[in-house]
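>>> How does the following fold in three dimensions:
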Amino acid sequence: QVQLVESGGGLVQPGGSLRLSCSASGTIIATDVMGWYRQAPGEQRELVASITRGGRPNYADSVKGRFTISRDNAKNTVYLQMNNLKPEDTAVYYCNASILAWSDGWRWYWGQGKQVTVSS
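Presented below is the predicted three-dimensional model:
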């Protein structure tokens, strides 16, 4: 059984910063790509950023230069540092990871989601 547990998020004023963390736990053999998606009310879920096991990042154009994704392979954890936040960044943010587990082989897992609200 693999779980992704997210932390961080909350309410911040425009221009502020927040950090999200996501840790994978369970019978994990290996991890591959890890990343963050977000979904605003009435919108489709979209990719925010992803990172390979080797550390190569990929960002949505809307967050380039403001968000930084990183990971700690030893801890099976991925982070999202969000700076210069804008009201349009308001959404529920979901962790996503490709994980090889003893019971399920390779598959994608999702976290439960964390609310990020940017408002004055």
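>>> Let me know the secondary structure of the residue nearest to Arg53 when sequence neighbours are not counted.
Counting by Cβ to Cβ, 6 or more residues apart in numbering, the nearest residue to Arg53 once its immediate chain neighbours are dropped is Asp32, at 5.6 Å. In short, each C-beta sits where N, CA and C put it, glycine included. Recorded secondary structure, Asp32: strand (DSSP: H, G, I helix; E, B strand; the rest coil).
>>> quick one: Asp32 and Lys114, what's the gap?
Asp32 sits 22 Å away from Lys114, going by Cβ to Cβ, to the nearest Å.
>>> ok, back up a step: surely the residue nearest to Arg53 meets Gly54?
No: under the contact definition of Cβ atoms under 8 Å, Asp32 does not touch Gly54, with a separation of 9.9 Å.
>>> Quickly note the distance from Thr77 to Val92.
According to Cβ to Cβ, Thr77 stands 20 Å off from Val92.
>>> Neighbour count for the two, which is higher?
Thr77 (21 against 17; other Cβ atoms under 10 Å).
>>> Contacts only, for the more buried one.
21-24, 71 (Cβ atoms under 8 Å, 6 or more residues apart in numbering).
>>> again with Gly35
Counted by Cβ under 8 Å, 6+ apart, Gly35 has contacts 47-51, 58, 69, 78, 95-97.
>>> which two in the residues you listed are spaced the farthest apart?
Asn58 and Cys95 (15.2 Å; Cβ to Cβ).
>>> who has more neighbours, the two?
Taking Asn58 and Cys95 together and counting by other Cβ under 10 Å, Cys95 has the greater number of neighbours (26 against 13).
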